[in-house]
Structure formats: structure tokens, C-alpha cells
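Asker: show me how the following folds:
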Amino acid sequence: MSAMAKKQKDKGDAFVAEAENKIAKSKGAWFTSSKERKYEEAAELMEQAANAYKVGGFNQEAGEAYRRAAEIHRDELTNLSEASKNMAQAGKCFTKSNPDDAVRAFSEAVSLYTDNGRITQAAKLCKECAELYENEEVTTDGEKSAVVLAIESYEQASELFGMEDAKSQSSQCLAKVAELCSGALDPPDLMRASQIYDDLGKRCLDSNLLKFNAKGYFLQSTLCHLANGDAIGASQAMQRYEGVDYTFGESREGKFARQLVECVENYDAEGFGTACFEYDRISKLDPWKTSILVKVKKTIDDEAGGGENGDDEDFDLT
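Answerer: Purely as a prediction, here's the structure:
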């Protein structure tokens, strides 16, 4: 431990001790005003302790001090604004030391923010929780996997952003739900993902600024149908998209989707590979599309009796 870190640790410890002393004295105070003032002083000292710990690099101790300050504001002073702010700060410190504690602190902060009408702040913390779950940094209780918890947190974030009319952020969170449902969930829920992409595409058509993004979502929805072994559903989806977006059929995404549907219908693995290669030359396939296309190719191989050759390494897009 460096000299500066030790100095900050000692300073933080001293602030905590003084705060606890204020709390102990407040319990014997006769006057409400005197009792409240001591709790306010204790909360302020806890915040000073947290700052000292943070400067010294003691993130767990900083998080604990912020959480204690939040509890004082919530339980003794009924100050939800300060309580939520401190609990959120606790979560941010815990992300650097203990992701499990971070999720718990963020979850408490979300409740405090929503009770106080701070919906956007609550949505942002829900998204941070989702990212912690997605990166599998959090220990789960065994009842739900980290992926399921990430999906639930992204859904909650999307709903909260939607309440504040933050459509772009709401859609980003929904897109993450679809991505996890189709790519990370075991077994994947491809039909749910397809419906989400369908909805996101239609949302885009309602905005002049976002309407050009609709084609990408419609392609993703079609790919989910194909990966689920439903070429008929994919073809029907294509017809719907061409009906609501007259530019889709002649777009790069629309032509690619049509080629893939035809290849799946005709069990044409070679044509499928060529279509993917040509599309990738102009619009680089991202990891999600590559993963889904592997699943689609496997359905072709299986139907054609060549399932043993459907492994990921046999599907080279380069």
C-alpha cells in the first residue's frame, strides 16, 4: 500500500468512525431538530469517507460508505433524492470491486429513483445491471441464468426509457433483448427475437430520421425465421416487409434476404455460401449475423442429409 493510499484509507476510516458516533448520539437526542441534524452530519461524513476511500483506490470501502449514506438518507431523513444518488454511487464503486454488490446497489437505486420520479436515471441503472449480467460478472442464485437476468434487465430499461419518450434508447435495449434471445439463450428463442426485430423495424418507419434502419431489422427478423427452420414464415415476413417498406425489396438487405430464402427452399448450400460471401464483401457481416447464418446453413445441410458438415468451421465467410 502506498503512502498516499494509506493516508486516504486512514482518512476514510476516521470519517466513518465520526459518522457512527453521530448516529449513536442521535439515538439519545430529545429534540427532533437535533436528531435530524446529527443524521444529516452523519450522512455527510459517510460521503466524505466514500470520497477518501475512492481517491485511495479502496472501491469496496467507498461503496459501503456510499451505501451507508444512502440508508441514512432513506431511513432516517426520508430524502429519496440524496438516497438514490448515493446508492447509485455505491453501485458504481462496487462495479470495480464486487459486481454482485453492484447489482444489489443498482437495484435499490432503481427503486429509489422510480419512487422519486427519476425515471431516466432508473433506466440507465437497469441497463448497467443488464450489462453486468451479460458479461457474466455476477453470481446468480441458480434459479435464473445470467442471460435470462440480462434479458429481464434490458426489458425493464426499455420500458423505463419508453416512459420518458427516449425512443432511441428504448429501441437499443430491445435490440439487446432480441440479440440475447437469439444468440445467447440456451435454447434460443428465435421467434421472440424475430418478433422484436419486426416491431423495431416498424417503429423505424414511423420516423423520417430512423426509417432507413428498418431494412436492417427486417433482415434480422427474416434470418431468425430461417434459423428456426421456417422458410415459409421467412417468405411471408418478406412479403409483409415489402408491403410496409417499398424500398426493402430492392435494398441490399432485401435482396440478400430473398436470396437466402430461395437457397433454403431449394436446399442450395453452395448458393447460400455465395450469397453470404457477396453480401459480406460490401456490408461486413457482424458476429450476430454470422452466428445466425451458421444456424441457417445447418438447417440446409440437415434437410439435404449433410448434417455432419454443418459445423461452424465449415461455414467460412471470408
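
Asker: mind giving me the packing neighbours of the helix or strand containing residue 235?
Answerer: According to DSSP states H and E, residue 235 maps onto helix 231-244. Using 3 or more C-beta pairs under 8 Å, 6 or more residues apart in numbering; DSSP states H and E, the elements in contact with helix 231-244 are helix 190-205, helix 214-227, helix 252-265. C-beta here means a position set from N, CA and C on the backbone, and glycine is covered the same way.

Asker: will you turn the ones you listed into JSON lines that also has mean neighbour count, distance to residue 179 and mean pLDDT?
Answerer: Listed next are these as JSON lines, based on neighbours: other C-beta atoms under 10 Å; distance: least, C-beta to C-beta, whole Å; pLDDT from 0 to 100:
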{"stretch": "helix 190-205", "mean neighbour count": "21", "distance to residue 179": "8", "mean pLDDT": "97"}
{"stretch": "helix 214-227", "mean neighbour count": "26", "distance to residue 179": "9", "mean pLDDT": "97"}
{"stretch": "helix 252-265", "mean neighbour count": "20", "distance to residue 179": "17", "mean pLDDT": "97"}
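
Asker: could you dump these to JSON lines with distance to residue 125?
Answerer: JSON lines is the format used below for the helices and strands packed on helix 231-244 (distance: least, C-beta to C-beta, whole Å):
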{"stretch": "helix 190-205", "distance to residue 125": "22"}
{"stretch": "helix 214-227", "distance to residue 125": "27"}
{"stretch": "helix 252-265", "distance to residue 125": "34"}
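
Asker: out of those helices, flag the one nearest residue 160.
Answerer: Proximity to residue 160 (C-beta to C-beta) singles out helix 190-205 among those, at 16.9 Å.

Asker: number of nearby residues for residue 243?
Answerer: Counted with other C-beta atoms under 10 Å, the neighbours of residue 243 add up to 10.

Asker: actually residue 240, not the one I typed
Answerer: Residue neighbour count, defined by other C-beta under 10 Å, stands at 15 for residue 240.

Asker: how close does it get to residue 198?
Answerer: The spacing between residue 240 and residue 198, counted by C-beta to C-beta, to the nearest Å, is 8 Å.

Asker: now swap in residue 50 and tell me
Answerer: Residue 50 sits 46 Å away from residue 198, taking C-beta to C-beta as the criterion.

Asker: ok, now residue 247?
Answerer: 17 Å.

Asker: got it, and residue 43?
Answerer: Note on residue 43: its distance to residue 198, by C-beta to C-beta, is 49 Å.

Asker: swap in residue 155?
Answerer: 17 Å.

Asker: residue 108: which element?
Answerer: Here residue 108 sits within helix 99-115, counting by DSSP H and E.

Asker: so which residue is smack in the middle of the chain?
Answerer: Here the mean C-alpha position of the chain is nearest to the C-alpha of residue 130 (C-alpha atoms, centre = their mean), at a distance of 3.8 Å.

Asker: okay, angle between the helix or strand harbouring that one and helix 99-115 too, please.
Answerer: Element membership for residue 130 (DSSP H and E) is helix 119-134. Per axes from the mean of the first three to the mean of the last three C-alpha atoms, to 10 degrees, the angle that helix 119-134 makes with helix 99-115 is 160 degrees.

Asker: now do the contacts for the closest residue to residue 193 other than its chain neighbours.
Answerer: Nearest-residue entry for residue 193: residue 182, 3.7 Å, with adjacent residues in sequence omitted and distances by C-beta to C-beta, 6 or more residues apart in numbering. Contact partners of residue 182, counting by C-beta atoms under 8 Å, 6 or more residues apart in numbering, are 188-190, 193-194, 224, 227, 288, 292.

Asker: ok, those residues vs residue 67, which is closest?
Answerer: Set against residue 67, the nearest of these by C-beta to C-beta is residue 189 (35.8 Å).

Asker: next, the angle helix 190-205 makes with the helix holding residue 235.
Answerer: Inter-element angle recorded for helix 231-244 and helix 190-205: 10 degrees (by the same axes, to 10 degrees).
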